[in-house]
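Asker: When you get a sec, could you give me coordinates for this:
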Amino acid sequence: MQFLKKLFSQSSSASGSRYSVPPGHVVYAVGDVHGRLDLLEKLVGMIEKDRASKAHLENCSLVFLGDYVDRGFQSKQVLDYLQALELDGFDVLCLRGNHEDMMLAFLDDPLDNEGWLHFGGMATLASYDTRPKEDEIGRFDLLKTASLFDDKFPRAHRDFIRSMPLSHRIGDYVFVHAGLRPGIALDAQHPGDLTLIRQEFTGSNYDFGVRVVHGHTGVQNPVVLPGRIAVDTTAYATGRLTAAVLHGESVDFITT
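Answerer: I've put the predicted structure just below:
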């Protein structure tokens, strides 16, 4: 699996009055997995089947939009699966989400990042067979819990997450976990906005000159707007993990 280090990388660009991916290219963009290996495996199988029906297309990209851990109870297994994922005929790319950042921040400084435990981190600990420790009055012993987790957390997972780029561009589409800050050029976006921004992005009609495909902000059904496509259908709670399918100027969806 190949990962791109730049803040923004570009496969091709063909700006016009409508958004499109390059000719002969199909792109699958998968929303937030959040520890649901069962749904991930099912969706990848559905994507492979759809790809087989598009065998005439020369290039195929599979982009995961971040937030692989927390909330669901198979975070470790999801990272194992994605790290090993190789699909014939696919270029696979995993972007980083804010939950990956929160997990690593807890490992680095648990006292300042206790909040991660209350935003899905407890489920991640369980997937790594780590039971949170308490002190003598029943509060979390953050240092001991982080130490136990660090012992169970493979170096390969840490390196895998740190290698993940924050965004990727294909044709007239930019793929990112959370969104972009309106009024800021693409190459000047702050990394924190790419993984955390919500209302300032989703509530704006700002024209970035590209269409943004993102997760992070949950939606009941995929949302297609002139400037953005939202595909986080809160899989951990709904059982519906969604991928946008981009081919030429068309936008379709595959959902578990």
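
Asker: start to end distance for stretch 245-256?
Answerer: Terminal residues of stretch 245-256 lie 14 Å apart, using C-alpha to C-alpha, to the nearest Å.

Asker: got a list of contacts for that stretch?
Answerer: Contact with stretch 245-256 is made by 18-21, 23, 25-29, 39, 42-43, 46-47, 50, 54, 57, 170, 173, 213, 222, 224, 229, 231, 233, 235, 239-244, as judged by C-beta atoms under 8 Å, 6 or more residues apart in numbering. The way it works is simple: take the backbone N, C-alpha and C, and place the C-beta from them, glycine included.

Asker: Over to stretch 36-54?
Answerer: Defining contact as C-beta under 8 Å, 6+ apart, one finds that stretch 36-54 is touched by 26, 28, 30, 33, 60, 62, 72, 74, 77-78, 81-82, 85, 87, 89-90, 235-236, 239-243, 245, 247, 254-256.

Asker: Quick one, which of those residues are buried?
Answerer: Buried subset of those (neighbour count, 16 or more other C-beta atoms under 10 Å): 26, 28, 30, 33, 60, 62, 72, 74, 77-78, 81-82, 90, 235-236, 240-243, 245, 247, 254-256.

Asker: Any idea how many residues pack against residue 146?
Answerer: 25 (other C-beta atoms under 10 Å).

Asker: Now it. Nearest residue, chain neighbours left out?
Answerer: Distances taken as C-beta to C-beta, 6 or more residues apart in numbering put residue 110 closest to residue 146, at 3.7 Å, once the chain neighbours are dropped.

Asker: Quick check: pLDDT value at residue 134.
Answerer: Residue 134 carries a pLDDT value of 75.

Asker: Among the contacts of stretch 36-54, which are located in helices?
Answerer: Of the contacts of stretch 36-54, the ones assigned to helices by DSSP state H are 77, 78, 81, 82, 235, 236.
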